[in-house]
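Trainee: Provide a 3D model corresponding to the input given below.
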Amino acid sequence: MNSTAEPIPFGRSMLREHRHVCAFFSSAVEEYDTLLPFICDGINCGQRAFHVLPSQHRENHLNSLRNAGVDVEKTMKSRQLEVALPEDTYLKTGRFDKDAMLVLIQEALKAGAGLGFPLTRMIAHAETAVDDWKSGVDWAEYEMRLNSVLPNYDDPVICTYDVNMLTAPHAVDILRTHPMAIIGGVLIENSFFTSPQEFIREVQSRTGPSQAYRA
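Mentor: Next comes the predicted model:
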């Protein structure tokens, strides 16, 4: 990452060097209270917004942006705002594929630069990527491998999680794969963050690579 990149206001703090964030929310109100200022700041600065969320939340999401003052139609036409579905991203091949997703997320970030935007602020509803968490170990490995990729970009990547859909072990593993976290609407440096090699080795040693997240 470019060490001269401007800090970004987010979650009552500033995003600096580490820009891979897991954001835990217990309600839509808490989520939008935290994310809307971040989204609007980026759009007002001429940056791109790339969001991934389930189809059933799309209209509510766009209406929330409108109510916050975003000209949704104009920004979508110019591709400054793009709202994608999991089926277009995480589940593009019909199932979650960590290797394909690592390629796809880099393509999405490069596309923003190709369109002339100085930065892409990516926000993704990450809990929708893995059906029943049966492929949870693949997802955790993908999140951890992202930490080797994202330092090549200044773009922030925010992975949002509905805490009502997580067990405590899942939440801990998610925390350990992100250098920064949003908890209670506040951005913190994550002391639980673990090196990629150590994390993957530990998860796979618990019950085996294919069984780590099975109930």
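
Trainee: separation between the residue nearest the centre of the chain and L53?
Mentor: The residue lying closest to the centre of the chain (C-alpha atoms, centre = their mean) is C159, at 2.4 Å. To L53, C159 is 12 Å away according to C-beta to C-beta, to the nearest Å. Placement of C-beta: from N, CA and C, glycine included.

Trainee: who touches both of those two?
Mentor: Shared contacts of C159 and L53, defined by C-beta atoms under 8 Å, 6 or more residues apart in numbering, comprise A124.

Trainee: ranking helices and strands of the protein by mean pLDDT, which lands last?
Mentor: Ranking every helix and strand in the chain by mean pLDDT, DSSP states H and E puts helix 196-207 at the bottom, with a mean of 71.

Trainee: where does this protein have low pLDDT?
Mentor: Low-confidence segments of the chain, defined by pLDDT under 70: 1-4, 128-136, 203-204, 206-215.

Trainee: buried ones in stretch 184-191?
Mentor: Judged by neighbour count using 16 or more other C-beta atoms under 10 Å, the buried positions of stretch 184-191 are 187, 190.

Trainee: going forward, begin numbering at 20 instead of 1
Mentor: Will do, 20 is the new start, and the previous item becomes stretch 203-210.

Trainee: what's the end-to-end length of that stretch?
Mentor: In stretch 203-210, first residue to last residue: 16 Å (C-alpha to C-alpha, to the nearest Å).

Trainee: please, where are all the strands along the chain?
Mentor: 27-29, 32-34, 39-44, 67-71, 100-103, 139-144, 176-181, 199-202, 205-208 (DSSP state E).

Trainee: any idea what sits nearest the residue nearest to the centre of the chain, other than its immediate chain neighbours?
Mentor: Distance criterion C-beta to C-beta, 6 or more residues apart in numbering; nearest residue to C178, sequence neighbours excluded, is A145 at 4.0 Å.
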